[in-house]
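*Asks:* what's the 3D shape of this:
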Amino acid sequence: MTVLSHPRPLLVDRALRDARRWCIGHTIDDRPALAHAVRVAVTIGDHVAAPEPALIAAALLHDVPDFAPPGEHLYRTLIEDYGLEVPRIIAALHAEHQALDQPDPPILVEDAAVVLASTADKIVALTSLLRRARASGDVTDFFSRRPTLLALLPYFRAYSSACRRHAPASLAAALEAVLHLLDGATSNVHPRAAR
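*Replies:* Sure, this is the predicted structure:
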């Protein structure tokens, strides 16, 4: 039984409905964005006993700031529909995603709910990346064309180390495991610009 199995809390039902609406037509890691959102929510449920419905709702909706139509007052809508906790977690994850595009992104692990969602998001995204690399037929070439990702590997390792004290042991271990696989897959990679 997963966190999305029936019966599920009304808040989670609403978030799944809204995630379907906002994610439609968008992709993450070459798959429908909704699939990514569901995987993040399920990953949390796999490692956290009885997660709060607000955490699962936020996981389902964590990428909607990138998908909401221009002019939509997203956070006002989220507060009206979900209260304060869900949009707070979403805003923190969105800020973290944006920080990854900057030099030296901060490693923030003080907020337990955000750590749970962020760690699950990283597990899902990095696992998907490894799957795509293997499916490409040339793992080395796949990663050599992603210098930005390679530059972020020290950040992901540092985050993994920092989150160990703030996340359930199995969730932290799952992130460490995927990073170990990623380290192995990229050990002989020399970044180059895409042609």
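*Asks:* In this protein, where's the longest helix?
*Replies:* Once the chain is assigned using DSSP state H, the helix that runs over the most residues is helix 112-136.
*Asks:* May I see the buried residues of it?
*Replies:* Buried residues in helix 112-136, counted by 16 or more other C-beta atoms under 10 Å: 113-130, 133. Just so you know, the C-beta spots here come from the backbone N, C-alpha and C atoms, and that holds for glycine as well.
*Asks:* and the helix or strand just after that helix, which residues are buried?
*Replies:* Counting by DSSP states H and E, the next helix or strand C-terminal to helix 112-136 is helix 139-144. Neighbour counts using 16+ other C-beta under 10 Å place 139, 142, 143, 144 of helix 139-144 among the buried residues.
*Asks:* Run through the neighbouring helices and strands of helix 139-144.
*Replies:* The criterion is 3 or more C-beta pairs under 8 Å, 6 or more residues apart in numbering; DSSP states H and E, and the helices and strands that helix 139-144 contacts are helix 112-136, helix 169-186.
*Asks:* Kindly recompute the last result at 10 Å.
*Replies:* Packed against helix 139-144, as judged by 3 or more C-beta pairs under 10 Å, 6 or more residues apart in numbering; DSSP states H and E, are the following elements: helix 112-136, helix 147-163, helix 169-186.
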